[in-house]
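S.K.: this one's sequence-less:
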């Protein structure tokens, strides 16, 4: 079973930057959309950013102009560069892949375990 391993979370002051990474534990046959979601205490999990196979991106309004999602298909890795961080960005961040592990598999959803991002004022 493929696992998504996240890294790069931590604590920063408002205005600071962090870069999150998410890598698949093994090579996958096909990865379609890759995305980042976040969940703050007491809130539902929400979409932060998506990137498709062709590189087109989509962002939540709250992060547009501050966050950038990129992907490295050769490494089965997705990144989230976060700048001008605000206290309201504090949450657990999760990566998500829509992917097939092997040729004969159906397209499935894979989630990372989550990484904490804390922004202090």
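M.R.: Looks like it arrived, so ask away. Nothing here was measured: the structure is a model prediction, and the numbers come from that model.

S.K.: Centroid-wise, who is the farthest residue in the protein?
M.R.: residue 104 (26.0 Å; CA atoms, centre = their mean).

S.K.: what's the distance between residue 59 and residue 52?
M.R.: Separation of residue 59 from residue 52 (CB to CB, to the nearest Å) stands at 13 Å. All C-beta atoms are positioned from the backbone trio N, CA, C, and that covers glycine.

S.K.: The two: which has the busier surroundings?
M.R.: Neighbours were counted for residue 59 and for residue 52 using other CB atoms under 10 Å; residue 59 has more, 18 against 14.

S.K.: I figured that one was touching residue 51, is that so?
M.R.: No: Residue 59 lies out of contact with residue 51 (CB atoms under 8 Å); the separation is 9.9 Å.

S.K.: Find residues that contact each of those two.
M.R.: residue 69 (CB atoms under 8 Å, 6 or more residues apart in numbering).

S.K.: what residues are up against the residue nearest the centre of the chain?
M.R.: In the chain, the centroid-proximal residue (CA atoms, centre = their mean) is residue 36; its distance is 2.8 Å. Counting by CB under 8 Å, 6+ apart, residue 36 makes contact with 20, 22, 47, 48, 49, 69, 78, 80, 93, 94, 95, 96.
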